[in-house]
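J.: Give me the fold of what follows.
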Amino acid sequence: MFSIIGVIVVIGAILGGYLLEHGNVKVLLQPAELIIIGGAALGTLLIANPLPVILSIAKGILAAFKPSKYNKERYLMTLRMLNELFKRGRKGGLTGIESDVEEPEKSDIFSNYPAIAAEHHVLAFICDTLRTAMSGTVSHFDLDQMIELDLEVHHKEVTQPVTALTTVADALPGLGIVAAVLGVVITMGSLGGPPAEIGKKVAAALVGTFLGILLCYGFLSPLAASMARSNEAELDYYHSLRTGLIAFVRGAAPILAVEFSRRSIPAAVRPTFKEMEESFRAKAEAAAA
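T.: Presented below is the predicted three-dimensional model:
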């Protein structure tokens, strides 16, 4: 939502200031300059990155215009799920949740939380961690190190689209200069013609530089920063899962393991202990009814 507002503010401020100075908006409409800059930027993106990274960039840009899914309600839902999972594991031992871990698509616990079950990596992260703990040959310290390695690999993957988009954004001012130089070349070929015609060609050349700088600092760089924040929010979410799972494997009581998880949630979206208790109580009452 704020990304959309930001785009409107950027465009409105630039056009508003330009019009206040009695500028002609038609002069800014230079399709050829936009094709040169946009096409060259797309080409550099294709040269430097494989298809999965490019698709991830497209998904990241679209996600930047949507509210973050890692809000308080999402964390409350996750804490409820962990509480149910840990209670079952405490009651019957780790073997008590073996069926849930081995076949999560058939688990009555995971099926109650379709938003979480629909995310393959999240589900695999939880199940693989518990499956490894069930082997009985891995200490909780080694398991924590294993999870950290998993998160490092995942974080490296999700930062590749951000790095690629940032690289393209940094190249846009230079590509704008390329478009401007081509415009100057065309202008030089028109010397001796009507002054008004030469003026239009110079204006078109300058618009190339303007578009390159605007697209870099007004749009792509902020979008890359927004994608980076989304990645950090995702990493925070996995960190809360990691904290709760390790606490449970270490032998903590279910409510204590869940509390470990809650305490690791960023303050801006962290539910209070009371909110967590009320959420558990409402879930239990709904199940009983």
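J.: ok, and what's touching stretch 191-210?
T.: 27-28, 30, 32-33, 36-37, 173, 176-184, 186-187, 190 (Cβ atoms under 8 Å, 6 or more residues apart in numbering). For every residue, glycine as well, the C-beta is placed using N, CA and C.
J.: Now go through those residues and say which are in helices.
T.: If you go by DSSP state H, the contacts of stretch 191-210 have 27-28, 32-33, 36-37, 173, 176-184, 186-187 in helices.
J.: Just the buried ones among the contacts of stretch 191-210, please.
T.: Among the contacts of stretch 191-210, those buried by neighbour count (16 or more other Cβ atoms under 10 Å) are 28, 30, 33, 36-37, 173, 176, 178-180, 182-184, 187.
J.: Of the residues you listed, just say which sits nearest to residue 251.
T.: Nearest to residue 251 among these: residue 173, at 56.8 Å, using Cβ to Cβ.
J.: What pLDDT is listed against that closest one?
T.: The model reports residue 173 with a pLDDT of 93.
J.: With adjacent residues omitted, what lies nearest to the most centrally placed residue in the chain?
T.: Against the mean C-alpha coordinate of the chain, by Cα atoms, centre = their mean, the closest residue is residue 230 at 3.3 Å. Distance criterion Cβ to Cβ, 6 or more residues apart in numbering; nearest residue to residue 230, sequence neighbours excluded, is residue 63 at 6.2 Å.
J.: Also residue 61?
T.: residue 223 (5.7 Å).
J.: And the one you found, how far from residue 110?
T.: 33 Å (Cβ to Cβ, to the nearest Å).
J.: Tell me the pLDDT of the residue nearest to residue 228 when sequence neighbours are not counted.
T.: Leaving aside its sequence neighbours, residue 228 sits nearest to residue 162 (Cβ to Cβ, 6+ apart; 4.9 Å). Per-residue confidence (pLDDT) for residue 162: 95.
J.: Next, the contact list for residue 162, please.
T.: 60, 224, 227-228, 231.
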